[in-house]
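Asker: Predicted model and sequence below, questions to follow.
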Amino acid sequence: MKKQRIYIDTSVIGGCLDNEFEVWSNGLLNDFKKGIFILVVSDIIEAEIADAPDIIQQKYQEFLDYNVEFLETTDEAILLAQAYAKRRILGERFYRDMLHIALATVNKTDMLVSWNFKHIVRFDKIRLFNSVNIEQGYSPLEIYSPREITYYGKEED
C-alpha cells in the first residue's frame, strides 16, 4: 500500500511542545519516525521556523531526521493562494496559511495537518478552499488535526 504524503504546517511542530497538543503532535512525529507516513514540509515552514525559539527549531530538526519531502514555493502555488485571497477565504494577513494549503494542493499531497482551528482546520474554511481548488482544476485537499490521523493511542485496537 502506498504511504500517505502528509503536509504539516508549523503549528504541528509547535504542538510538540504545547501541553494541550503535545501527545498528538509527538504521536504524529513518531508515526513519521516509524515510516507510517511520508512527511512533507516546505520553504514556508523554514521561513516561519527561522524566527521561532531555539527549542522549536530543535524540534523541527527532529522532524527532518525522517523520510522528508521538501517543497519549494512555485508560481503555481502562488497563483492558487492568490485565488483563495481573491475569494476572501482568509484575510491578507494570513497569506502564509493560504500558501500552505496551496502548496499541499498543487503538489497533490494526501492531506494537510494543522492545529490552526481558526483558519485551516474548520469545516467552513475547508469547503471554501476546496471549492476554489475544484474551480482551478485541482483535487480537493483533505485537512485534519494530528489527533485525527496519528496512530498514537490506537495500538490497542
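Answerer: Good, I have the coordinates. Residues are numbered from 1 along each chain as shown.

Asker: can you give me the strands for the protein?
Answerer: Along the chain, the stretches classed as strands by DSSP state E are 4-8, 37-42, 68-71, 111-113, 142-144.

Asker: Can you list the strands that the second one pairs with?
Answerer: Partner strands for strand 37-42, per DSSP bridges, with pairing direction: strand 4-8 (parallel), strand 68-71 (parallel).

Asker: The fourth one too?
Answerer: Strand 111-113 has its sheet partners listed here by DSSP bridges as strand 4-8 (parallel), strand 142-144 (parallel).

Asker: Can you add distance to K118 and give those strands back as CSV?
Answerer: All C-beta atoms are positioned from the backbone trio N, CA, C, and that covers glycine. Below are the strands paired with strand 111-113 laid out as CSV (distance: least, C-beta to C-beta, whole Å):
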stretch, distance to K118
strand 4-8, 17
strand 142-144, 13
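
Asker: want to throw those strands into a markdown table with mean neighbour count, mean pLDDT and distance to A102?
Answerer: Shown next, in a markdown table, are those (neighbours: other C-beta atoms under 10 Å; pLDDT from 0 to 100; distance: least, C-beta to C-beta, whole Å):
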| stretch | mean neighbour count | mean pLDDT | distance to A102 |
| --- | --- | --- | --- |
| strand 4-8 | 23 | 97 | 11 |
| strand 142-144 | 19 | 98 | 13 |
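
Asker: just to revisit the earlier point, R127: which of the strands of the chain is closest?
Answerer: The closest of the strands of the chain to R127 is strand 142-144. By C-beta to C-beta, the value is 10.3 Å.

Asker: now the closest one, how far from the chain's geometric center?
Answerer: With C-alpha atoms, centre = their mean, to the nearest Å as the basis, strand 142-144 stands 9 Å off its chain's centre.

Asker: Of all the strands paired with strand 111-113, which one is nearest A47?
Answerer: Once the strands paired with strand 111-113 are compared by C-beta to C-beta, strand 4-8 is nearest, at 14.7 Å.
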